[in-house]
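Colleague: Compute the structure for the input listed below.
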Amino acid sequence: LQEEFVADVTLEAFLPEITNQHAQQALATGGLGFLAGETFIGYSRIGLPVIGCMPLYEHYRGPNGEWEQIDWDNQEGVERVLVNGQPMFFGVDFNGTAYTVEPYVVMRGNTPLIAMRCPEIYDVMYPSEPEKVKHYAFTGRCVAELFKAFASAPVLLRLNEPQIFFTIVAVENDKYFFRAKGQRSVWDGTGYVMTTHTPEAAALPVYSDVNWLKNQIGADMVPDWIVYDGKVDLARRAAEKVILINAVAPEHGDVTRLVVLPAYSYKTTAILNASDPEAWKMPELKAKEAQAAAAGQKVTGGDLWTVGQHTKILLNDYLQREINSAFSDLDRPLVGLVRRLVEYKEQGILFALIRWICGDRSSKYKLPWGEEFGLGANLLVGGIARDTVGTGWVKEFKKLMEEEDLKGKFIFVENSGTQFMQL
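Modeller: Model prediction:
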């Protein structure tokens with residue numbers, strides 16, 4: 001690591017290089033994971049030198065809450081980091097205990113994503129408290145020690161959500177430790193930036209019981225400078241330290257400046273989220289593009305229609321194979337809504353709309369705002385529940401699938417991942 005580079009830290013990322021879908025979904029569960037995975041390949045495409053960092057979780061948590069152990073030593077797309085031909089390890093002291101961490105690497109193009117493995121801490125993604133905050137803080141300690149082991153630190157450290165704030169704490173602790181000894185930390189000179197993805201409270205943790213927090217993650221990770229008015233507000237304390245805050249849409253930027261972090265509005269900008277077209281193109285469309293390019297032609301609207309219609313058949317075959325259910329009329333328009341099912345994402349609003357979306361265009365349906373003719377569409381809702389409210393929605397969606405007027409028109413599938421989403 002002899003050239004300047006950026007480090008990007010996230011808690012999840014969908015990585016198509018990992019072909020085992022359960023292994024892939026052990027590392028990501030929602031939109032943040034898709035965006036993070038696509039951002040890493042984007043760095044590679046524009047030639048920006050970036051090293052990604054994230055936890056390597058030991059288990060995939062299925063739709064019914066069951067855990068499945070992932071054999072990371074035998075997964076396509078992920079490898080151990082080797083030094084002189086031997087697996088690399090580094091030590092992390094955390095809350096009075098010494099842990100050994102082993103880094104693995106996934107290459108997203110030319111961008112290495114370092115996945116940090118410590119089974120004693122990273123058992124499953126997004127656990128309940130207190131394990132959740134332990135993940136946040138331990139990730140900070142891992143990142144600080146990882147780059148010390150590399151003997152090189154980034155010029156810029158990006159926090160992918162305020163939950164990564166404890167990485168700043170760990171780095172600042174390291175700087176203070178070496179300065180107190182009259183020495184220089186490898187982290188001296190590193191700046192911080194933060195991306196915030198939503199104004200929802202779930203993504204803006206605040207800890208009001210400081211003593212509890214110290215007991216969970218260690219007093220050194222809760223220094224006096226992060227405690228304000230008797231609590232630790234991760235987003236606001238991070239905002240103090242970073243040189244730039246980016247929201248992920250113009251509207252989100254306005255809300256962040258006016259409501260979430262008004263004291264730091266001068267640091268806040270909006271960068272519209274984008275999607276990686278190569279990640280989401282149907283394989284058949286990619287083949288059609290290659291065929292057209294070889295002939296010096298362009299893909300036509302007719303080509304797109306043909307590919308889309310055939311992919312509907314592939315999706316229907318997948319649904320029949322996976323959940324023993326399928327759409328009965330593929331000539332109807334298809335609406336697909338797939339995301340992690342949790343209370344704050346508010347998929348519950350769909351219950352009042354499903355019969356209208358799937359209903360006959362000649363019939364009117366009662367809606368919260370009045371009556372409307374049906375849209376005559378097939379509706380596919382998908383995702384995995386990650387809280388009790390989401391679990392309740394899953395049960396209701398499954399019941400609706402069996403209603404006579406919705407059979408073959410509305411389907412719910414407990415799934416996510418790049419393979420499913422490409423269909």
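Colleague: Hmm, M282 and M421 touching each other?
Modeller: No: with contact defined as CB atoms under 8 Å, M421 does not count as touching M282 (10.4 Å). Where C-beta positions appear, they are placed from N, C-alpha and C, glycine not excepted.
Colleague: packing partners for the helix or strand harbouring T139?
Modeller: In the assignment (DSSP states H and E), T139 maps to helix 131-149. Here helix 131-149 touches strand 6-9, strand 50-56, strand 90-94, strand 97-108, strand 111-117, helix 165-180, helix 210-217, going by 3 or more CB pairs under 8 Å, 6 or more residues apart in numbering; DSSP states H and E.
Colleague: Let's have those in a markdown table, adding mean pLDDT.
Modeller: Formatted as a markdown table, the helices and strands packed on helix 131-149 follow (pLDDT from 0 to 100):
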| stretch | mean pLDDT |
| --- | --- |
| strand 6-9 | 98 |
| strand 50-56 | 98 |
| strand 90-94 | 97 |
| strand 97-108 | 98 |
| strand 111-117 | 98 |
| helix 165-180 | 97 |
| helix 210-217 | 98 |
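Colleague: and those, which is most packed in?
Modeller: strand 50-56 (a mean of 24; mean count of other CB atoms under 10 Å).
Colleague: If I take that one and helix 165-180, what angle do their directions form?
Modeller: Computed with axes from the mean of the first three to the mean of the last three CA atoms, to 10 degrees, the direction of strand 50-56 lies at 110 degrees from that of helix 165-180.
Colleague: Can you list the strands that strand 50-56 pairs with?
Modeller: Next to strand 50-56 in the sheet, as set by DSSP bridges, lie strand 6-9 (parallel), strand 111-117 (parallel).
Colleague: possible to save the ones you listed as TSV with distance to P49?
Modeller: What follows is the strands paired with strand 50-56, written out as TSV (distance: least, CB to CB, whole Å):
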stretch	distance to P49
strand 6-9	7
strand 111-117	9
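Colleague: nearest to Q347, of these?
Modeller: Proximity to Q347 (CB to CB) singles out strand 6-9 among the strands paired with strand 50-56, at 28.6 Å.
Colleague: and for whatever helix or strand comes next after that closest one, what are the contacting residues?
Modeller: Proceeding C-terminally, strand 6-9 gives way to helix 21-26 as the next helix or strand, assigned by DSSP H and E. Around helix 21-26, the neighbours that count as contacts under CB atoms under 8 Å, 6 or more residues apart in numbering are 14-16, 18, 57-62, 68, 70, 72, 75, 78, 124-125, 384, 416-420.
Colleague: so who does A13 touch?
Modeller: Counting by CB under 8 Å, 6+ apart, A13 makes contact with L27, A28, G33, A36, G37, F40, G52, M54, L113.
Colleague: what about 6 Å?
Modeller: With CB atoms under 6 Å, 6 or more residues apart in numbering as the criterion, the residues that contact A13 are A28, G33, A36, G37, M54.
Colleague: ditto for L213
Modeller: Going by CB under 6 Å, 6+ apart, L213 touches Y207, V222.
Colleague: what do you get if the cut-off is 7 Å, keeping everything else the same?
Modeller: L213 makes contacts with V133, Y207, V222, V232, as judged by CB atoms under 7 Å, 6 or more residues apart in numbering.
Colleague: Around the first one, count how many other residues there are.
Modeller: This means V133. 21 (other CB atoms under 10 Å).
Colleague: shouldn't it be in contact with Q216?
Modeller: Yes: at 5.7 Å, V133 counts as touching Q216 under the criterion of CB atoms under 7 Å.
Colleague: just checking, which of the contacts of L213 belong to strands?
Modeller: The members of the contacts of L213 that map onto strands under DSSP state E are Y207, V232.
Colleague: Name the SS class of M194, please.
Modeller: M194 carries the three-state label strand when classified by DSSP: H, G, I helix; E, B strand; the rest coil.
Colleague: Please look at it and R237 and confirm they touch.
Modeller: No: contact status for M194 versus R237: not in contact, 10.6 Å apart, counting by CB under 7 Å.
Colleague: Tell me which of those two has more neighbours.
Modeller: Of the pair M194 and R237, M194 is the one with more neighbours under other CB under 10 Å, namely 27 against 18.
Colleague: ok, now which ones touch that one?
Modeller: Applying CB under 7 Å, 6+ apart, one finds that M194 lies in contact with L159, P162, A238, V242, I245.
Colleague: again with W356
Modeller: Shown here is W356, whose contacts under the criterion CB under 7 Å, 6+ apart are Y365, L367, E372, G374, L375.
Colleague: which outside residues touch the lengthiest helix in the chain?
Modeller: Of all segments of type helix in the chain, defined using DSSP state H, the longest is helix 301-323. Outside helix 301-323, the residues within contact range by CB under 7 Å, 6+ apart are M282, E284, L285, K288, S325, A326, F327, L330, L334, I411, V413, L423.
Colleague: Can you tell me the element the third one falls in?
Modeller: L285 is part of helix 283-294, with elements assigned from DSSP H and E.
Colleague: Mind listing what's buried along the helix holding T139?
Modeller: Buried residues in helix 131-149, counting neighbours by 16 or more other CB atoms under 10 Å, are found at 133-149.
Colleague: ok, now stretch 121-133?
Modeller: By 16+ other CB under 10 Å, the buried positions in stretch 121-133 come out as I121, Y122, D123, M125, Y126, V133.
Colleague: same thing with stretch 371-391?
Modeller: Using 16+ other CB under 10 Å as the test for burial, stretch 371-391 gives 374-387, 389-391.
Colleague: Need the distance between the two termini of it.
Modeller: Terminal residues of stretch 371-391 lie 30 Å apart, using CA to CA, to the nearest Å.
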